[in-house]
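Enquirer: please find the sequence and the predicted model below.
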Amino acid sequence: MASAKKLPSGSWRVNLYIGKTPDGKRQYKSFTADTKKEAEFLAAQYNQNHIDVNRSELPLSAAVERYIKSKENVLSPSTVRGYYVVLNNYLPELMTVKIRDITAERAQEEFNRFAKEYSAKTCRNAHGLISAVLKTQRPEITLNTTLPQKGKRDIYVPDPAEVEKMQHKMQHK
């Protein structure tokens with residue numbers, strides 16, 4: 001963040017770099033105030049609002065991709081691969097929605113459809129990624145999505161006769 005400079009008039013000004021024009025020229029926005037602190041506050045406030053607006057215009061797929069790239073070096077390769085699978089193959093309708101338009105209700109509807117075709121674990125993994133992305137892009141939104149329950153596994157327990165038979169086989173090897 002640029003710091004304020006005192007002007008000959010006694011006011012303070014911050015020249016905030018806001019990007020480049022399409023032809024490559026640097027663009028600045030100027031903030032002038034009576035005090036240094038106030039000028040820097042105005043610039044910081046503009047900068048924050050400007051960043052938030054740009055982020056919220058992204059489709060979810062772009063935000064997910066940015067999130068994955070920002071975490072690539074700290075996550076295990078299998079987690080990164082799993083995230084790319086979610087990005088490229090799952091929730092195609094939700095991935096096209098702009099960040100600003102995503103609601104908890106919309107996410108619930110998408111996960112309801114998703115749960116018809118995929119396992120509880122796959123749903124949880126996809127939801128974990130989506131909620132992490134939304135937490136970084138739109139901290140004010142919290143997903144309280146109801147996900148499918150894990151299925152009970154049938155565990156086969158041999159009866160005593162089968163156990164005795166296996167022990168007998170093991171002794172004769």
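Expert: Received, thanks.

Enquirer: quick one: least confident helix or strand in this structure?
Expert: When the helices and strands of the chain are scored by mean pLDDT, DSSP states H and E, helix 36-56 comes last with a mean of 77.

Enquirer: export the very next helix or strand once past that helix to PDB, keeping only CA atoms.
Expert: Going down the chain from helix 36-56, the next helix or strand is helix 60-71, by DSSP states H and E. The C-alpha coordinates for helix 60-71 follow below in PDB (Å, rounded to 0.1, in the frame of the first residue of the first chain):
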ATOM      1  CA  LEU A  60     -16.700 -20.400  -9.000                       C
ATOM      2  CA  SER A  61     -14.500 -22.500 -11.300                       C
ATOM      3  CA  ALA A  62     -12.000 -19.600 -11.700                       C
ATOM      4  CA  ALA A  63     -11.900 -19.100  -7.900                       C
ATOM      5  CA  VAL A  64     -11.400 -22.800  -7.300                       C
ATOM      6  CA  GLU A  65      -8.500 -22.900  -9.800                       C
ATOM      7  CA  ARG A  66      -6.900 -19.900  -8.100                       C
ATOM      8  CA  TYR A  67      -7.400 -21.500  -4.700                       C
ATOM      9  CA  ILE A  68      -5.800 -24.800  -5.900                       C
ATOM     10  CA  LYS A  69      -2.800 -22.900  -7.400                       C
ATOM     11  CA  SER A  70      -2.300 -20.900  -4.100                       C
ATOM     12  CA  LYS A  71      -2.200 -24.200  -2.100                       C
END
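
Enquirer: isn't residue 39 up against residue 6?
Expert: No: checked against Cβ atoms under 8 Å, the pair residue 39 and residue 6 is beyond contact range at 9.7 Å. To be clear about C-beta, it is placed using only N, CA and C from the backbone, and glycine gets the same treatment.

Enquirer: ok, these two, which is more surrounded?
Expert: More crowded of residue 39 and residue 6, by other Cβ atoms under 10 Å: residue 39, with 24 against 11.

Enquirer: who's in contact with that one?
Expert: The neighbours of residue 39, taking Cβ atoms under 8 Å, 6 or more residues apart in numbering as the test, are 4, 11-14, 31-33.
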